[in-house]
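1. build me a structure from this.
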Amino acid sequence: MAVTEQQVVPSAETAPQPARPSRQRAFSWPTPAQLRRSAPIFTLLAEIWAIPEVGKVGIANDEDGVEIRVLIREENRPARSAIYAAERDYLNATPPHSFRLWVSSAAKVGDVVLAPFEIVLER
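-> Residues are numbered from 1 along each chain as shown. A predicted model of the protein is given here:
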């Protein structure tokens, strides 16, 4: 008597079902207290971005603290002064912390390699 192999094909009822795609967690807004604590940085970024000569604003965060990089299209003293005035207002509105602001002219930066930063605003 010959023994034959028989393939078992699972029925639709017994076949493993594909895993349900995981749902992304719903976005949750910051608490009012967190928003109040964040208001000075929002104000700083808004004031900087309102300056027409500003082309890019980026943020880097490392073990030393937060760094904001501002690239202006071309060298412009009044624009630099307005940016540094906004920084001064920010620093006066917050407790002491590790914060650095760098303003560079895009024309002067050219091919110079800057430390990595994430661009958050760009025209």
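2. and the next helix or strand past the helix or strand bottoming out on mean pLDDT in the chain?
-> Least confident helix or strand of the chain, by mean pLDDT, DSSP states H and E, is helix 106-109 with a mean of 70. Per DSSP states H and E, the first helix or strand lying C-terminal to helix 106-109 is strand 118-122.
3. the strands in this structure, which residues?
-> Remark: strands assigned in the chain by DSSP state E are 54-62, 65-72, 99-105, 118-122.
4. tell me how far Ala107 lies from Glu122.
-> 16 Å (C-beta to C-beta, to the nearest Å). Heads up, the C-betas are built off the backbone N, CA and C, glycines and all.
5. Arg80 too?
-> Counting by C-beta to C-beta - Arg80 and Glu122 are separated by 19 Å.
6. can I get the strands of the chain in a markdown table including mean neighbour count, distance to Ala39 and mean pLDDT?
-> Below are the strands of the chain laid out as a markdown table (neighbours: other C-beta atoms under 10 Å; distance: least, C-beta to C-beta, whole Å; pLDDT from 0 to 100):
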| stretch | mean neighbour count | distance to Ala39 | mean pLDDT |
| --- | --- | --- | --- |
| strand 54-62 | 16 | 16 | 92 |
| strand 65-72 | 19 | 15 | 92 |
| strand 99-105 | 16 | 15 | 92 |
| strand 118-122 | 12 | 17 | 91 |
